[in-house]
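J.: no sequence for this one, just the structure:
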């Protein structure tokens, strides 16, 4: 990656977790007003309205060439567009955001393992040290400094569902790293269209909610714009320039940004949690060193 592109890619990898953190916070509320599959369908329906013109204006892709990779794009749609989002929202119906975040912390480690064996990516001492430091910071944020709380966590069906979501996302990231011959926004766009077509028969059978509260409407619009368009495009663009094993660690920024959003909502945060957030940023920095 040349020096000009590197700052932009690192910025993208910071903004994507920020947008997903908002998805965690708002998803907990919106899931009370509509089923997970309906949430997944509506957010991507909003997203596709922006993705198509964005792909055409920025990348000007040869859509026929993009569609030739329909098998891989269909698999990515199943894993990243439908699977991860549906399972995440379903998990939030049965478990706490803290438990979901704990399970989600497995994702960067799983991405490292898969990228090492499947993509033959080499890990440096900086990658490993950054991973360990960031994981330590995440645990401080989630446990408020009392790591014994991990022994008291009661896992349930929602946590198993969240684990399935993590597996979907990890494989999705590996596939995204391998797809280097298709423009990233165009690939995301086609995956979303395929995902919407897959979900549509179930939506037609189940129907959509007749009305939403103001908060629910704001939440679903946010999901359609930022976590769907912004985060997915930024993530897939970054995978073209940085190894998947290095990209995965940026997912540790999600609980940190979630904590920051909670502070902005007036919720308290301890010094230990703040220190944990700083550790995550230090780990991400170490991982980003050449």
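T.: Nice, thanks for sending it over. Remember, predicted model here, so these are calculated numbers, not experimental data. Numbers count the residues shown, from 1 in each chain.

J.: lowest average confidence, helix or strand, in this protein?
T.: Within the chain, no helix or strand scores below helix 149-152, which has a mean of 67 by mean pLDDT, DSSP states H and E.

J.: May I have the phi/psi pair for residue 60?
T.: phi 50, psi 60 (degrees, to the nearest 10).

J.: Buried residues of stretch 257-269, list them for me.
T.: 257-262 (16 or more other C-beta atoms under 10 Å). Bear in mind the C-beta positions are built from the backbone N, C-alpha and C, glycine included.

J.: same question but for stretch 131-139, I mixed them up
T.: 131, 133-139.

J.: One more: stretch 46-62?
T.: 46-48, 50-52, 54-55, 59, 61.

J.: Next, check the residues you listed against the helices and list the overlap.
T.: 46-48, 50-52, 54 (DSSP state H).

J.: just checking, what packs against the helix or strand hosting residue 177?
T.: Secondary structure from DSSP states H and E places residue 177 in helix 157-178. For helix 157-178, the packing partners by 3 or more C-beta pairs under 8 Å, 6 or more residues apart in numbering; DSSP states H and E come out as helix 70-76, helix 84-92, helix 97-104, helix 106-118, helix 232-238, helix 244-247.

J.: Residues contacting that helix, please?
T.: With C-beta atoms under 8 Å, 6 or more residues apart in numbering as the test, helix 157-178 has contacts from 72, 75-76, 79-80, 83-84, 87-88, 90-95, 99-100, 102-104, 106-107, 110-111, 114-115, 118-119, 184, 187, 235-236, 239, 243-244, 247-248.

J.: go again using 7 Å as the cut-off
T.: 72, 75-76, 79-80, 83-84, 87-88, 90-91, 93-95, 99-100, 103-104, 106-107, 110-111, 114-115, 118-119, 236, 239, 244, 247-248 (C-beta atoms under 7 Å, 6 or more residues apart in numbering).

J.: residues touching residue 133, list them.
T.: 279, 282-283, 286.

J.: Serialize the residues you listed to TSV and add fields for distance to residue 198 and pLDDT.
T.: Listed next are the contacts of residue 133 as TSV, based on distance: C-beta to C-beta, whole Å; pLDDT from 0 to 100:
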residue	distance to residue 198	pLDDT
279	40	88
282	41	90
283	37	86
286	40	85
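
J.: What subset of the residues you listed is buried?
T.: 279, 282-283, 286.

J.: Among the ones in helices among the buried residues of stretch 46-62, which one sits closest to residue 206?
T.: residue 46 (18.7 Å; C-beta to C-beta).

J.: So the closest one versus residue 232, what's the distance?
T.: Taking C-beta to C-beta, to the nearest Å as the criterion, residue 46 is separated from residue 232 by 13 Å.
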